[in-house]
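Novice: only geometry, no sequence info:
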Ligand code: BG6
């Protein structure tokens, strides 16, 4: 920071996200020299009444969990923990926040005074907001208005951590820096696109939160829709964050209303056993939704967004399936179509499924892959955590990988009618077994949408 003084405030400092993501990300930035001891102070704020040291001890426990840390690493950690202060207070009364403000000002003023400059606080304030951004179009707009009364849009960083993932960030480069894809990326060549998120565990202690939102609000309306934008949008006129976000908004605005027959909802057996979930819950833990774009590039191409909890594997991927080869002389279509797969996680990879000659004396064909697996190609490289990247972007003032207000609105416009249908009980989830592929109807919908199952990968 230009001022030489940065205060980071972590609201909800004793919560799940802070523990799992925020503090580890801050620590990683500190270790790499992006946060400097003599410049940075971290303020944790939450309701829990604990002391500075108690919070530090909790964080220490998380950060060295299961690792045989060296003396040097432990020392680094101790120095990092010394940067953290804790303030306890409620979220809905001014008192706690006034106390927090006092602590921050004291720190910043003393910092400035030590350096001999006048205690003019100047500088900037940026706010990072995590989902849920409301529950539907109206509540989200209301929230945007309230936040908008306090902060200007360039100060607001709506986080969607999928935008911090390496292979999601790569989409822009892949599509617009390679000659291969440009001429093929359209309705003439692509038959269907799948964007899939699967988790092999259930809601695990988050049932209370999850039940109010469900899988569409938790994953599809944000994470998968952001990926969808990057796959489907037109080329931005430059890499300026505003130009990229303009294109995302345009493609979202071109999405047609979702049809009920192109939706499958599921709930895993055992979900309602969580004591914080009502016995009659109608909340989907699985959904497949087909989006259709009304524009020149994509008319008629289904984009199948699928997400589920408690399934048979943990994976997030984009699967672009091409059309059959016209006038196929090899009769190889049964082996499968060309596909381009981008695996976001785990084991980041991109591969193209293509037909080649079966090596040997016969003139027969086989499906094979051109494979770029990051673990092999970039051995020894640690891919940064999404939150680490996005927090650094916030400090640097780069909003490219954050959601703009009009983008959020367009996203809610797409899903609100469907969500209201579910909330009213008009649409109900089918039961599926934990550890399965999800409801069979989802595979049927996939087939109806034109997807042809290929073998191998
Ligand atoms: C969060 C959801 O946004 O993303 C969770 O609230 C989900 O339900 C998580 O488990 C998945 O993130 P990742 O990075 O593990 O794919």
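Specialist: Sure thing, it's come through. Since the model is a prediction, treat every value here as computed from it, not as a measurement.
Novice: Have a look at this structure and report the helix or strand with the lowest mean pLDDT.
Specialist: Ranking every helix and strand in the chain by mean pLDDT, DSSP states H and E puts helix 94-114 at the bottom, with a mean of 85.
Novice: Please name the nearest non-neighbouring residue to the residue of the chain found nearest the ligand.
Specialist: At 4.8 Å from the ligand, residue 218 is the closest residue in the chain, using Cβ to the nearest ligand atom. No exception for glycine: its C-beta is placed from N, CA and C like everyone else's. What sits nearest to residue 218 in space, not counting adjacent residues and going by Cβ to Cβ, 6 or more residues apart in numbering, is residue 210, at 6.4 Å.
Novice: measure the one you found to residue 163 for me?
Specialist: Residue 210 sits 22 Å away from residue 163, going by Cβ to Cβ, to the nearest Å.
Novice: For residue 260, grab the count of nearby residues.
Specialist: A count of nearby residues for residue 260, using other Cβ atoms under 10 Å, gives 10.
Novice: and it, what does it touch?
Specialist: By Cβ atoms under 8 Å, 6 or more residues apart in numbering, the contact set of residue 260 is 421, 427.
Novice: I'd like to know how far it sits from residue 293.
Specialist: Distance, residue 260 to residue 293, by Cβ to Cβ: 19 Å.
Novice: same question, residue 199
Specialist: 27 Å.
Novice: so where's the stretch 251-400 of the chain shaky on pLDDT?
Specialist: Low-confidence segments of the stretch 251-400 of the chain, defined by pLDDT under 70, span residues 332-333.
Novice: the helices in it, which residues?
Specialist: 374-377, 386-396 (DSSP state H, counting those that start in this stretch).
Novice: Would you mind confirming that residue 131 is in contact with residue 160?
Specialist: Yes. Using Cβ atoms under 8 Å, residue 131 is in contact with residue 160, at 7.1 Å.
Novice: Not counting its neighbours along the chain, what's nearest the most centrally placed residue in the chain?
Specialist: Against the mean C-alpha coordinate of the chain, by Cα atoms, centre = their mean, the closest residue is residue 162 at 2.4 Å. Closest residue to residue 162 apart from its sequence neighbours, by Cβ to Cβ, 6+ apart: residue 223 at 4.0 Å.
Novice: For the one you found, which three-state class applies?
Specialist: Put simply, residue 223 is helix when judged by DSSP: H, G, I helix; E, B strand; the rest coil.
Novice: List the contacts of it.
Specialist: For residue 223, the contacting residues are 160, 161, 162, 197, by Cβ under 8 Å, 6+ apart.
Novice: Buried residues in the helix or strand hosting residue 248, which are they?
Specialist: According to DSSP states H and E, residue 248 maps onto helix 241-253. For helix 241-253, burial by neighbour count (16 or more other Cβ atoms under 10 Å) applies to 241, 244, 245, 246, 247, 248, 249, 250, 251, 252, 253.
Novice: what's downstream of the least confident helix or strand of the chain, the next helix or strand?
Specialist: Helix 94-114 is succeeded, C-terminally, by strand 127-129 (DSSP H and E).
Novice: Show me what that following strand packs onto, helices and strands only.
Specialist: Judged by 3 or more Cβ pairs under 8 Å, 6 or more residues apart in numbering; DSSP states H and E, strand 127-129 is in contact with strand 156-158, helix 386-396.
Novice: Okay, now the sheet partners of that strand, with direction.
Specialist: Strand pairing for strand 127-129, using DSSP bridges, gives strand 156-158 (parallel).
Novice: the strands in the stretch 1-150 of the chain, which residues?
Specialist: Along the stretch 1-150 of the chain, counting by DSSP state E, counting those that start in this stretch, strands occupy 6-11, 40-46, 84-88, 127-129.
Novice: if we can go back for a sec, dump the helices and strands packed on strand 127-129 into JSON lines; add mean neighbour count and distance to residue 284 as well.
Specialist: Formatted as JSON lines, these follow (neighbours: other Cβ atoms under 10 Å; distance: least, Cβ to Cβ, whole Å):
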{"stretch": "strand 156-158", "mean neighbour count": "21", "distance to residue 284": "24"}
{"stretch": "helix 386-396", "mean neighbour count": "20", "distance to residue 284": "25"}
